[in-house]
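Undergrad: Provided below for reference: sequence and predicted model.
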Amino acid sequence: MKLTTVTNISVDGVVQGLGGSEEDRRGGFERGGWALPLFGGDAEEFLGRVYQRADAFLFGRRTYEIFAGSWGVMADPGSSPIGDALNTRPKYVASTTLTGPRWADTTVLSGDVEAAVRKLKAESAGELQVHGSGALVRWLFDNRLVDEVTLFTYPVVVGQGTRLFPGTGPDTALDLVDSRAFANGITLQVYRPAGPPRYAAAAGPGG
């Protein structure tokens, strides 16, 4: 399966607490809920199609528990393309502490996560999607397991909170394979990792 990360991100790279004020207050974060006022319309419809494209989902524990507590308890999940996808496809959680998950069709990957993810990627065609799960996304990048990156960039500078990528880490070139803008100002970029970046050997004119 192709492994695709799907991330809602602010212009300044924040991925923390996008859904609500109490969703994730780690580190004293006080600006949760920055994405929802901007989300809807054609961006929401497009994201629904992205979810429907998935054959399975991979989560970190925190995002899994947030999703299980909302999408997993919907009275009528079939009324939403996102809810329908999440409640009818297999779900995998990379966690050494989660036991007894109650959301149907959930498998906990608690041992060698890298080996488990590589096995999932190799055993069938289709798409394995990672939504949210910032720490897991960074780990997947570090281990060269990501095939495609989808970013929904929101027109807001949050000014605090956890960023998608740390101040230092592995470097990777990205090929742009799709981009579009939605009416509410959200933009979409789809990238594929393309090996090491190229760096200029010397400053250009005027440098």
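TA: Received the coordinates, thanks. Numbers count the residues shown, from 1 in each chain.

Undergrad: switch to C-alpha atoms for all contacts and neighbour counts from now on
TA: Fine.

Undergrad: low pLDDT regions in the protein?
TA: 204-207 (pLDDT under 70).

Undergrad: tell me which residues in the lengthiest helix in it are buried?
TA: The longest helix of the chain (DSSP state H) is helix 41-53. Along helix 41-53, these residues count as buried under the neighbour rule (16 or more other Cα atoms under 10 Å): 43, 47-48, 50-52.

Undergrad: Just give the closest residue to residue 39, not the sequence neighbours.
TA: Counting by Cα to Cα, 6 or more residues apart in numbering, residue 184 is the residue found nearest to residue 39 once chain neighbours are left out, at 7.3 Å.

Undergrad: Could you tell me how many residues sit around that neighbour?
TA: 15 (other Cα atoms under 10 Å).

Undergrad: which SS state does it fall under?
TA: Of the three states, residue 184 takes coil under DSSP: H, G, I helix; E, B strand; the rest coil.

Undergrad: How about the contacts made by it?
TA: Contacts for residue 184 (Cα atoms under 8 Å, 6 or more residues apart in numbering) come out as 38-41, 43.

Undergrad: Pick the one among the buried residues of helix 41-53 closest to residue 130.
TA: The shortest approach to residue 130 among those belongs to residue 51, at 10.2 Å (Cα to Cα).

Undergrad: Could you measure from that closest one over to residue 11?
TA: 23 Å (Cα to Cα, to the nearest Å).

Undergrad: since we're on the nearest residue to residue 30 once chain neighbours are set aside, how many residues are nearby?
TA: Among residues not flanking residue 30 along the chain, residue 21 sits closest, at 7.1 Å (Cα to Cα, 6+ apart). Using other Cα under 10 Å, residue 21 has 14 neighbouring residues.

Undergrad: I'm done for today, thanks for sticking with me.
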